[in-house]
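Undergrad: only geometry, no sequence info:
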């Protein structure tokens, strides 16, 4: 099927891209309309573009604070998960230990556990530790998502590194830990980075734990903060559109820069090679 | 020299392996396995955070010693003054009898040495107006039978005092009797009976209409959206499995819906579906696809349609990506050979593409089915489970029971139901996929 596409193919691609991107396009066009126009017309383009909605989105709610919160929580989660997961993935793929299948099975099962079955004891635990409305209060529950994910993806990356390298390091008298630190880790760095991006996105997008544990407005993360823009009485679509555009930009940048890595990370777990 | 020294502390490969695995295992046990086990355990209790008499897990009867000691301190004095100020002999007699009875129970209770020590300690703290913060000290277990007897006795005495208060003509004395009666009632409420109810919660939900409705919604949503995602995803993957200009653009297009938070996507779609200013609602109405623009979010069918459409939009690209990766591992030579044998495109799809793509499809389906079955944020943000619970998924129902009603016992039953369903789905898929899932990871 390695044929090149004709004109119909490119037409199909354009329609596909347009359909997938349509919500973003429309939300962006709405965000620069004057608020009155949003409710009165369905015209695509406004003749009086304005940044009023952006100003409102940033001042009516602490959107910047939400983004900082999300960034700190996701970064901490990513770092913790990568440290623990790279040890475990290395041991499971390359060291002679017993029960590898069991460990990976446990990790896979853990990644399938529904968060709703974890949330109430986790809520009591975090409350008991006095960590509600804090960064650590989210980092701890996020380990439930990030650690199994990171181990699972890293295991594939570690597996791909040729075993000859370790053998020769061993012959040169390196200890097993030195082999890990000086030989394997540098080689696995791209894989670890890819895993890091995926874990970061997963933590950035998490909703249930963030909703229940950090209920104070100052400690909300982006997904929860955005969903709170609607009040009981009115829905400020202008603010919401502008806020959506603001929080989507970092993700678009991340995706544009690292798309190849993200795809390789996403598919590494599902394709036999 | 230095090198030699450090070598003597060197771990063998095996030891290093275990040392590297153990921290993660401990974490997984603490943050995943323990909470799930705890949810199971919680589901066996009538456990409500907003009801002080049921806000603890009590396998046996328990007494709130802090409040009990405080109340008991006043009982003696109040009963004494009631006996002195009683209007007739009969009432005085009754009050004395009550006092004696309570004292008997109290001394029987503190005949337990450990309990006596605790009572004295709390006495001291209360005398200094220090609240009791240590829950080990604050709560104490009681014998189930004794607790029930004592509680019933206190309630009976309270009722007797109220009766005296009602029949009294003297307003001041009536007030005093009522006050003491209230004190006894409050003391009775310091004794908490066990709230262990075994599988009763489960029995309740087996007969709960709303649970079955939520389960039906979840299964419907899962089956329909995953089916659409698979068919569309496969079609897209087949179409773009070729060399063309602009691969990067397509890849980015596909990744952005996947990468944005579901809650943000739900807010966007909420705007597009809005009955007044939603563009999709407007176009669908103009094209006569839907009866009116408010249909999408205010009717039950419309709500379900809206949720499925938003989910298909967000995850089809991801599905296409996984399947495309699977397609690219199929060797081109197979197609060439079959073309030589005269097979057409359709035959090639059935006899080469599908069989070789089977494990990729199953793995993608496994992850998507589990995600769809656990759906929470999309529904919670887009429709809140409404209108009239028509789009409520089982996770949303569990969340509402846990955190809006603060009913951790019943809510845990619902989360256990989600857990068991997910476990069954996984087992079925893992059985179908077989050992492929682990291939390439362990030696």
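TA: Perfect, I can see it now. Since this is a predicted model, take the numbers as computed values, not measurements.
Undergrad: helix, strand or coil for residue A:118?
TA: Three-state assignment for residue A:118 (DSSP: H, G, I helix; E, B strand; the rest coil): helix.
Undergrad: gap between the two ends of stretch B:128-141?
TA: 25 Å (CA to CA, to the nearest Å).
Undergrad: how about it: buried residues?
TA: B:132, B:138, B:139, B:140, B:141 (16 or more other CB atoms under 10 Å in any protein chain shown). C-beta: built from backbone N, CA, C; applies to glycine.
Undergrad: try stretch B:186-205
TA: Applying 16+ other CB under 10 Å to stretch B:186-205 flags B:187, B:188, B:189, B:190, B:191, B:192, B:193, B:194, B:195, B:197, B:201, B:205 as buried.
Undergrad: residues in contact with the fourth one?
TA: Right, residue B:190. For residue B:190, the contact set (CB atoms under 8 Å, 6 or more residues apart in numbering or on different chains) comprises B:63, B:64, B:67, B:68, B:71.
Undergrad: circling back to that earlier point, keep only those of the buried residues of stretch B:186-205 that are in strands.
TA: B:191, B:192 (DSSP state E).
Undergrad: closest one to chain A out of the buried residues of stretch B:186-205, please.
TA: residue B:201 (13.4 Å; CB to the nearest CB).
Undergrad: contacts only, for the residue nearest to the closest one when sequence neighbours are not counted.
TA: With CB to CB, 6 or more residues apart in numbering or on different chains as the measure, residue B:413 is the residue that lies nearest to residue B:201, at 4.5 Å, once sequence neighbours are left out. Contacts for residue B:413 (CB under 8 Å, 6+ apart) come out as B:43, B:201, B:202, B:204, B:205.
Undergrad: re earlier: which of the contacts of residue B:190 has the largest number of neighbours?
TA: residue B:63 (24 neighbours; other CB atoms under 10 Å in any protein chain shown).
Undergrad: could I get the phi/psi values of that residue?
TA: Per-residue torsions, residue B:63: phi -120, psi 140 (degrees, to the nearest 10).
Undergrad: surely it and residue B:189 touch.
TA: No - counting by CB atoms under 8 Å, residue B:63 sits too far from residue B:189 to count as a contact (10.6 Å).
Undergrad: and residue B:258, what's its pLDDT?
TA: In this model, residue B:258 is scored at 91, pLDDT.
Undergrad: that one: helix or strand, and which one exactly?
TA: Using DSSP states H and E, residue B:258 sits in helix B:247-259.
Undergrad: helices or strands up against that helix?
TA: helix A:7-31, helix A:237-268, helix B:300-327 (3 or more CB pairs under 8 Å, 6 or more residues apart in numbering or on different chains; DSSP states H and E).
Undergrad: figure out which of these is closest to residue B:178.
TA: helix B:300-327 (52.5 Å; CB to CB).
Undergrad: now do that closest one and helix A:237-268, the angle between them.
TA: Helix B:300-327 runs at 30 degrees relative to helix A:237-268, counting by axes from the mean of the first three to the mean of the last three CA atoms, to 10 degrees.
Undergrad: so what are the domain limits for chain B?
TA: B:62-192, B:203-438 (automatic domain parsing).
Undergrad: okay, the ones you listed, which one's buried deepest?
TA: domain B:203-438 (a mean of 19; mean count of other CB atoms under 10 Å in any protein chain shown).
Undergrad: run the chain-centre distance for that domain.
TA: Taking CA atoms, centre = their mean, to the nearest Å, the mean C-alpha location of domain B:203-438 is offset from the chain mean by 22 Å.
Undergrad: can you give me the distance of residue B:279 to residue B:238?
TA: As defined by CB to CB, to the nearest Å, residue B:279 lies at a distance of 31 Å from residue B:238.
Undergrad: please enumerate the helices of chain A.
TA: Assigned by DSSP state H, the helices in chain A fall at A:7-31, A:35-40, A:52-60, A:63-94, A:100-112, A:116-128, A:135-160, A:164-171, A:176-178, A:185-205, A:208-213, A:222-227, A:237-268.
Undergrad: what does the fifth one rub up against?
TA: Looking back up the chat, that one is helix A:100-112. Against helix A:100-112 from outside (CB under 8 Å, 6+ apart): A:88, A:92, A:144-145, A:147-149, A:151-152, A:155, B:21, B:24-25, B:28, B:32-33, B:370, B:422-423, B:426, B:437-438, B:441-443.
Undergrad: filter the residues you listed to the buried ones?
TA: A:88, A:92, A:144-145, A:147-149, A:151-152, A:155, B:21, B:24-25, B:28, B:32-33, B:370, B:422, B:426, B:437-438, B:441.
Undergrad: that older thread, using CSV, lay out the buried residues of stretch B:186-205 together with pLDDT.
TA: As requested, these are exported to CSV (pLDDT from 0 to 100):
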residue, pLDDT
B:187, 87
B:188, 87
B:189, 85
B:190, 85
B:191, 85
B:192, 82
B:193, 80
B:194, 82
B:195, 82
B:197, 86
B:201, 86
B:205, 88
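Undergrad: for the residue most central in space within chain A, give its distance to residue B:374.
TA: Ranked by distance to the mean C-alpha position of chain A (CA atoms, centre = their mean), the top residue is residue A:201 at 0.8 Å. If you measure residue A:201 against residue B:374 using CB to CB, the figure is 18 Å.
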